Structures are given as structure tokens and as C-alpha cells.
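*Asks:* Got a predicted structure here, sequence first:
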Amino acid sequence: MTTIETVGIIGAGTMGNGIAQACASSGLRVVMVDINEAAVQKGVATIAGSLDRLIKKEKITTADKDATLARIQGSTHYDDLKAAQLVIEAATENLELKIKILRQLDGLLPAETLIATNTSSISITQLAAVTSRADRFIGMHFFNPVPMMALVEIIRGLQTSDTTHDAVRNMALALGKTPITVKNAPGFVVNRILVPMINEAFFVLAEGLATPEDIDAGMKLGCNHPIGPLALADMIGLDVCLAVMNVYFAEFNDSKYRPCPLLKEMVAAGFLGRKSGRGVYAY
Ligand SMILES: NC(=O)c1ccc[n+]([C@@H]2O[C@H](COP(=O)([O-])OP(=O)(O)OC[C@H]3O[C@@H](n4cnc5c(N)ncnc54)[C@H](O)[C@@H]3O)[C@@H](O)[C@H]2O)c1
């Protein structure tokens, strides 16, 4: 089975730099590639800032920080990824862009190199099919912020081989994460359950069954959720929640995924949550 010692990462944004930090902190070498030097440097600076916060909390030492950063090579050249046994694609969520990147990687990387994608919403089976190594292609869905969140959903496309699955699962365990194995389907496991729950909270609100504060208190105190569904919707972005429901509605052809009309109204009004200063709550 492939032993992963060097990980390539496409994208130095929120998820890419988080994955890079998690890998390098666990002793793996990392090559993190973005489209320009500014994006790469921003990613590296974010990692340095995150490690500084861990030093302040006395979770790591300054020597740990230096060693972690020394294992990360920032680059704007895809050629530098040839040293990796696994390349994780964490670029912007856009189907055409991901297809372009995956074709480029597939043409460049040695045949045995595994490729994973961190996509939240695109079919792993579909992305695997654009490469000539569909059996060596898999989904690795990390959660934000990566260094803090324990879960990785490992998503098997229809074509993914057992050896690819096992290598990637072992690597996730080596990062100190808890992997769960999921078959490819829209939303995988976590978002498939989470986003319809948030959508239902909007129906409950729209029906006037309770105030937003009471709906959130109900789910926090009754289900031990750390945050209520409406406050969570404001954090995620109401537009993102609506887009996800629209994908489920279209993909499953099932009316149980009907987006709540109130959610649609609020998005149309520009009440997108924290990022727009107003969602269910005012900020
Ligand atoms: N943000 C989250 O909470 C979250 C959680 C799980 C999964 N994801 C998924 O992770 C992926 C990345 O999301 P993000 O939030 O980090 O986005 P982001 O916008 O923060 O970062 C994306 C990065 O990709 C870079 N990029 C674009 N085209 C590129 C190319 N051709 N080559 C190399 N780099 C390129 C961009 O310059 C940018 O730095 C998406 O597929 C998203 O769905 C995001």
C-alpha cells in the first residue's frame, strides 16, 4: 500500500492552508501550490498565525512551529507536486476549474500518485472520471477549521479501489483525525443531514411556531447541539444553505428537499447572515 510521506495541496486558501498545517504538524512534508506568489504567501502567513496561537495556548513550542513551517514548501509550480504520493485538490468550488486542475494533475503526476479532492458538493465519481486513474481518486472532505476539527469524510467514488481507500484512511488517522467512510452522494453524510435540518428550522420559523431564539435554545438544550440551527445558518451563509438545498432538490428529485420559501425570501432580500450584517439575527 502507498505510504504517504509527502502531500501535495492545490490551493492555499481557507481549506488548503488548514490541510497543509494539519499534515505538516503530523510530520508529513507538504507542497502547497496556488496560482500566484501572493496567495501562497497569504496561506503560509495564515499557518504561521495559527501556530502562534497554539504557542500562546502552550499547546506547541516555538521549535514545533519552526519545524512545522520548515516542512511546508509553498509554490506556484505544479511540477513541484511530482514528489508527492498524494495530491489533495482544495481549490475554489467550481466544476470547470476542478476539471481543468485534475486533467493537468493527471497528465503530470506519476501513475501511482493518488489524487483526492476536498470538494463539498461536486460528485467524486464524476471528478474521478475525468482522470485516467479513477481507481486512485477519492474524496477527502475536511472540516473548517481543519487543525481543530476531528472529522474527515472519506468519500469513495464508484471507481475508487480498496487500496486507495485504505491508504487515504490511514493517512487521515496519522493526522490524528477520525475518518468516516462514505459512498458518493450529494452532501455526503454530514451536510446531507445538517442542511435539511437547518431548512426545517426555517419552516418552523415561517410557521410561527416559536421565536428564533427559542428555536435555537430548543436545539441547543434539547439535543446538546453547540449552536442553534438558525444561528448556524447565519454563520454558514443563508445563500450557501439555499444553494445546497437546491442541489439536493435537483439531484434527488425528491420534494422532501424543497427549500423553505422564507429562506429563499431572505436570500433574495440580501439577508445572508453574519457576512451581510443581517440574517435571522442582526449583527
Ligand atoms: N471553507 C469551508 O468551510 C470548506 C469546508 C469543506 C470543504 N470546502 C471545499 O474546499 C475547497 C476550497 O475551499 P476554500 O474555502 O479553501 O476556498 P478559498 O477561496 O479560501 O481558497 C481557494 C484557493 O484556491 C486557489 N486556486 C484557484 N484556482 C487555482 C488553481 N488553478 N491552482 C491552484 N490554486 C487555485 C485560489 O487562489 C484560492 O487561494 C472547495 O472545494 C470547497 O467546497 C470548503
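*Replies:* Done, it's in.
*Asks:* switch to C-alpha atoms for all contacts and neighbour counts from now on
*Replies:* Fine.
*Asks:* which element is the residue nearest to residue 106 when sequence neighbours are not counted on?
*Replies:* Counting by C-alpha to C-alpha, 6 or more residues apart in numbering, residue 106 lies nearest to residue 131, which is 5.9 Å off, once chain neighbours are set aside. For residue 131, there is no helix or strand it lies in under DSSP states H and E.
*Asks:* how far away is residue 131 from the ligand?
*Replies:* 16 Å (C-alpha to the nearest ligand atom, to the nearest Å).
*Asks:* likewise residue 264?
*Replies:* 21 Å.
*Asks:* just checking, that residue touches residue 243?
*Replies:* No: using C-alpha atoms under 8 Å, residue 264 is not in contact with residue 243, being 9.8 Å away.
*Asks:* and these two? which has more neighbours close in?
*Replies:* residue 264 (17 against 13; other C-alpha atoms under 10 Å).
*Asks:* Now do the same contact list for residue 123.
*Replies:* 157, 184, 185, 186 (C-alpha atoms under 8 Å, 6 or more residues apart in numbering).
*Asks:* quick one: which of those is nearest to residue 66?
*Replies:* Proximity of the contacts of residue 123 to residue 66 (C-alpha to C-alpha) peaks at residue 157, which lies at 37.5 Å.
*Asks:* how deep is the closest one tucked in, by neighbour count?
*Replies:* When neighbours are counted by other C-alpha under 10 Å, residue 157 comes out with 25.
*Asks:* Over to the one 5 residues further on?
*Replies:* As a burial measure, the neighbour count of residue 162 was computed by other C-alpha under 10 Å and equals 12.
*Asks:* can you give me how far stretch 145-158 is from the chain middle?
*Replies:* Chain-centre distance of stretch 145-158: 7 Å, with C-alpha atoms, centre = their mean, to the nearest Å.
*Asks:* next one: stretch 19-36
*Replies:* 15 Å.
*Asks:* Show me what counts as buried in it.
*Replies:* For stretch 19-36, the neighbour count (16 or more other C-alpha atoms under 10 Å) marks 19-25, 28-34 as buried.
*Asks:* again, but for stretch 253-262
*Replies:* Buried-residue list, stretch 253-262, by 16+ other C-alpha under 10 Å: 257, 258, 259, 260.
*Asks:* The last one: what's it in contact with?
*Replies:* If I follow you right, that is residue 260. Applying C-alpha under 8 Å, 6+ apart, the residues contacting residue 260 are 199, 200, 202, 203.
*Asks:* Pull up the residues of the stretch 101-250 of the chain that are close to the ligand.
*Replies:* Counting by C-alpha under 6 Å from any ligand atom, the residues of the stretch 101-250 of the chain lying close to the ligand are 101, 118, 119, 120, 141, 142, 143, 144.
*Asks:* Now render these as a markdown table, adding secondary structure.
*Replies:* Listed next are those as a markdown table, based on DSSP: H, G, I helix; E, B strand; the rest coil:
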| residue | secondary structure |
| --- | --- |
| 101 | helix |
| 118 | coil |
| 119 | coil |
| 120 | coil |
| 141 | strand |
| 142 | strand |
| 143 | coil |
| 144 | coil |
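*Asks:* could I get those residues as JSON lines with neighbour count and pLDDT?
*Replies:* Listed next are these as JSON lines, based on neighbours: other C-alpha atoms under 10 Å; pLDDT from 0 to 100:
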{"residue": "101", "neighbour count": "15", "pLDDT": "98"}
{"residue": "118", "neighbour count": "27", "pLDDT": "97"}
{"residue": "119", "neighbour count": "23", "pLDDT": "95"}
{"residue": "120", "neighbour count": "19", "pLDDT": "91"}
{"residue": "141", "neighbour count": "22", "pLDDT": "98"}
{"residue": "142", "neighbour count": "26", "pLDDT": "98"}
{"residue": "143", "neighbour count": "18", "pLDDT": "96"}
{"residue": "144", "neighbour count": "14", "pLDDT": "91"}
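*Asks:* Sounds good, over and out.
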